[in-house]
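Chemist: no sequence on hand, only this structure:
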């Protein structure tokens, strides 16, 4: 109904305003725009106020009719429910019918701007540093998982120990990966005092260079592997997370992995494989940096974006 769409427009506009007021979150939008440019991955997922206000009701209905149909829906169920019960409930809820969404177009060469600074009067400088990584279902995806774990996932990671515990430069510093059909990223986030921005950036770059230059010691990899295994096993003990794991893989991936499949893949990753992948990915020319901070010397920051 028109009145429902109008109400939702107002909600989405407030949502857009809310995350623009959160620089620790909005810095990732700035990074995506810098890294992916004028492509769908570089656009804000909620749009902007102008596009939300101007989108025609009929266009919204047409998009829904084309895509939100049983042929394009995956329903994943985990819990004390038989397959027959699940099928019966899904059929009663969703009915039957066809619907098709156009296939995605492979992304063009990304513009990959090197640096973006958004000046805001914030108490912290918010840093998003990243580089191209792997698309989903890449043969090295589990190697990247452990590379990221060593680098910045968890309180035993190198970035946490170096930037937070040893240097005291950040409360929140971590790394993560994103993967899409035809590309991916490895990103580092840190929230630091603006005066500590050069030191924090330097420490992050040094840890990236160390991964590139030195194989991960066997003992450190064993700890990272145990952390990654334990987190995955614990997560999949919950029915909602197990259903999400199955549903996402069915919808987006080449095949559905069992927990044992994933654990076996983690166990097969070697220090040599991580080192080889780090040498491929971690390159000066691959780096992009987005910063939200009070007034900074942009040229000096961009010049500092160099691996040791």
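Modeler: Happy to help now that I have it. No experiment lies behind these values; they were computed from the predicted model shown.

Chemist: so what's residue 122 up against?
Modeler: By CB atoms under 8 Å, 6 or more residues apart in numbering, the contact list for residue 122 reads 23, 194, 292, 293, 294. The way it works is simple: take the backbone N, C-alpha and C, and place the C-beta from them, glycine included.

Chemist: these in strands, which ones?
Modeler: 292, 293 (DSSP state E).

Chemist: so which of the contacts of residue 122 is the most crowded?
Modeler: residue 292 (25 neighbours; other CB atoms under 10 Å).

Chemist: that one reaches residue 27, doesn't it?
Modeler: Yes: counting by CB atoms under 8 Å, residue 292 does reach residue 27; the two are 4.8 Å apart.

Chemist: now render the contacts of residue 122 as a markdown table, adding pLDDT.
Modeler: Formatted as a markdown table, those follow (pLDDT from 0 to 100):
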| residue | pLDDT |
| --- | --- |
| 23 | 93 |
| 194 | 94 |
| 292 | 96 |
| 293 | 94 |
| 294 | 91 |
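
Chemist: greatest separation within the contacts of residue 122: which pair is it?
Modeler: Greatest spacing in the contacts of residue 122, by CB to CB: 23 and 194 (11.6 Å).

Chemist: what do those two both touch?
Modeler: 122, 124.

Chemist: who touches the helix or strand harbouring residue 250?
Modeler: According to DSSP states H and E, residue 250 maps onto helix 239-252. Helix 239-252 is contacted from outside by 74-79, 136, 181, 235-236, 255-257, using CB under 8 Å, 6+ apart.

Chemist: follow-up on the earlier one: and of the contacts of residue 122, the nearest to residue 35?
Modeler: Top of the list for closeness to residue 35, among the contacts of residue 122 and by CB to CB, is residue 292 at 15.2 Å.

Chemist: residues in contact with the closest one?
Modeler: 23, 26, 27, 30, 117, 118, 120, 122, 125, 126.

Chemist: one step back: would you turn the contacts of residue 122 into JSON lines with distance to residue 86?
Modeler: Shown next, in JSON lines, are the contacts of residue 122 (distance: CB to CB, whole Å):
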{"residue": "23", "distance to residue 86": "43"}
{"residue": "194", "distance to residue 86": "53"}
{"residue": "292", "distance to residue 86": "45"}
{"residue": "293", "distance to residue 86": "50"}
{"residue": "294", "distance to residue 86": "54"}
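
Chemist: in stretch 297-304, which of the residues would be classed as buried?
Modeler: residue 301 (16 or more other CB atoms under 10 Å).

Chemist: all good on my end, thank you.
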